[in-house]
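> Got a predicted structure here, sequence first:
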Amino acid sequence: MGETRTPIRDADHLRDAFALLGALLAAEEVTASIAVVGGSAMLLDGLVASATRDVDVVALVEDDELVGASEFSVGLERYVSAVALELGLEPHWLNFGPTSLLDAGLPTGFLRRCRAETFGALTVFIADRYDLIHMKLYAATDHGPASKHMADLEAMNPSLQELEDARRWCMKHDVSDAFANELDSAIARVEGRRDG
């Protein structure tokens with residue numbers, strides 16, 4: 001029978017995980033910088049208080065440039081696994097799936113808007129609310145109105161201008177008519193909740 005793994009409960013729990021990872025990296029004289037989005041960024045920004053299963057890493061940060069996470073230094077998995085064992089987290093509590101968003105580009109100025117926190121040898125660039133609105137609108141459109149992404153988007157209470165900016169960005173990632181229709185439905189839902 002496998003061990004029970006806990007979600008990341010709150011911002012303090014997440015900072016504990018980052019601090020341990022940063023200490024392990026420092027002990028090996030390795031440094032790393034990551035840019036995070038999704039629920040973990042919302043936790044760190046104080047936008048939500050709900051637990052999250054993992055940390056969505058959208059990119060590495062090297063010399064003030066965003067780099068695909070597939071190019072991360074060899075051996076990171078060992079440190080991530082050690083943190084997971086120590087704190088009882090999911091084995092892959094650092095999730096590199098969102099790096100595919102780099103293919104069509106993140107919102108202009110993404111890295112400049114990020115807020116950085118340092119944990120020993122680890123620097124975490126935390127996505128700004130403005131950019132999280134873009135990504136949550138994209139995810140809410142993809143996963144539907146009953147998804148956690150829609151709830152997260154609504155919790156941020158985006159303005160009409162923020163939704164319009166996010167819509168333009170989303171259409172760079174999927175130009176199909178079907179996606180555009182779902183996107184407009186998602187926006188209408190958010191606007192209806194705010195005005196209702």
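Happy to help now that I have it. Numbering: from 1, shown residues only.
> Spatially central residue in this protein, please.
The centre of the chain sits closest to residue 37, judged by CA atoms, centre = their mean, with a distance of 1.8 Å.
> what sits opposite that one in the beta ladder?
residue 56 (DSSP bridges).
> these two touch, right, it and residue 56?
Yes - if you go by CB atoms under 8 Å, residue 37 and residue 56 touch, sitting 5.0 Å apart. C-beta here means a position set from N, CA and C on the backbone, and glycine is covered the same way.
> Can you work out which residues contact both of those two?
Residues within reach of residue 37 and of residue 56 at once, by CB atoms under 8 Å, 6 or more residues apart in numbering, are residue 98.
> Report the mean per-residue pLDDT for the longest helix seen in the chain.
In the chain, taking DSSP state H as the definition, the longest helix is helix 177-195. Averaged over helix 177-195, pLDDT sits at 89.
> sorry, back to before: give me every residue that touches the residue nearest to the centre of the chain.
56, 58, 98, 101, 127, 131-132, 135.
> do residue 173 as well
101, 104, 138.
> and the last one, how far is that from residue 69?
Translated: residue 138. Distance, residue 138 to residue 69, by CB to CB, to the nearest Å: 18 Å.
> Of these two, which one has the most company?
Ranked by neighbour count (other CB atoms under 10 Å), residue 138 and residue 69 place residue 138 first, with 24 against 21.
> Helix, strand or coil: sort out the more buried one for me.
At residue 138 the chain is in helix, as set by DSSP: H, G, I helix; E, B strand; the rest coil.
> Tell me which residues touch it, please.
By CB under 8 Å, 6+ apart, residue 138 lies in contact with 166, 169-170, 173.
> Is it possible to get a markdown table of those that adds pLDDT, secondary structure and distance to residue 19?
Below are the contacts of residue 138 laid out as a markdown table (pLDDT from 0 to 100; DSSP: H, G, I helix; E, B strand; the rest coil; distance: CB to CB, whole Å):
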| residue | pLDDT | secondary structure | distance to residue 19 |
| --- | --- | --- | --- |
| 166 | 97 | helix | 32 |
| 169 | 96 | helix | 33 |
| 170 | 96 | helix | 34 |
| 173 | 89 | helix | 34 |
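> which one of these has the most neighbours?
residue 166 (27 neighbours).
> Mind jotting down where the strands sit in the protein?
32-37, 55-62, 65-67, 94-95, 115-119, 122-126 (DSSP state E).
> Single out the most deeply packed of the ones you listed.
strand 32-37 (a mean of 24; mean count of other CB atoms under 10 Å).
> roughly how far out does that one sit from the chain middle?
Centroid separation for strand 32-37 versus its chain: 9 Å, with CA atoms, centre = their mean, to the nearest Å.
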